[in-house]
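Undergrad: Here is my input, please return the structure:
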Amino acid sequence: AGLAMVRAGRVDEAIEHYAAANDLGAASRLIADQAPAAYRDGRWHALTMWLQALPPEYRESHVDLSLWEARLLARFGRSGDALRVIERCQRSAPAIGEAIMSELESLRAAALRVKGDADAAVVSGRHAVELALRGDAALTVLAEARRQLGMALFASGSYQAAVEEMQASLEIFDRRGEAQ
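TA: Model prediction:
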């Protein structure tokens, strides 16, 4: 039934169906498949509802789901909550790899900047860039790390360095046809 719902474009219902049937793996895979487009399209409340359809302990044990949760919390201005999710991920999954750690550090930089701690955001942003480079992360991960570093540098008053990071990020997005 869940697959038929997906084919009919009723993703919300399919996720609820899978979660109610305790097929958390299917729900999680569907969320992973649909989340990037939903987030990019500004369907943040739908994505939040999808995540909330899963038990908290399940979400907490899956770093990919926790990453989406942290992104949404930061997007909604709940920086403290986002930072707690990020810290939990980093503590509970020490072997997650440098590319995912880069994504977490980029989110930390954004959350710290929103909280007003520009200096700590710069440190996290630099760490995110280092991890992305060292971990051979996807270009979008590196571009986002540089973008977050640029915004943190701007918030800290380092305007020329901020411009350089933002230009580097934009060049990556431009090459991929994803200029934001």
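
Undergrad: buried ones in the helix or strand containing residue 45?
TA: In this assignment (DSSP states H and E), residue 45 forms part of helix 44-52. Using 16 or more other CB atoms under 10 Å as the test for burial, helix 44-52 gives 46, 47, 48, 50, 51. All C-beta spots, glycine's among them, are computed from the backbone N, C-alpha and C.

Undergrad: List the buried residues in stretch 55-70.
TA: Within stretch 55-70, the residues scored as buried using 16+ other CB under 10 Å are 59, 60, 62, 63, 64, 65, 66, 67, 68, 69, 70.

Undergrad: can you map out the helices along the protein?
TA: Under the criterion DSSP state H, helices of the chain are mapped to 2-7, 11-20, 24-40, 44-52, 56-60, 63-75, 79-92, 98-115, 118-134, 139-156, 159-176.

Undergrad: which helices and strands does the fourth one pack with?
TA: Pointing back at helix 44-52 there. In terms of contacts (3 or more CB pairs under 8 Å, 6 or more residues apart in numbering; DSSP states H and E), helix 44-52 is packed against helix 11-20, helix 24-40, helix 63-75.

Undergrad: picking up where we left off before, what does the average pLDDT come to for the helix holding residue 45?
TA: In this model, helix 44-52 has a mean pLDDT of 95.

Undergrad: Which residues are in contact with residue 156?
TA: Contact analysis of residue 156 by CB atoms under 8 Å, 6 or more residues apart in numbering lists 118, 119, 121, 122.
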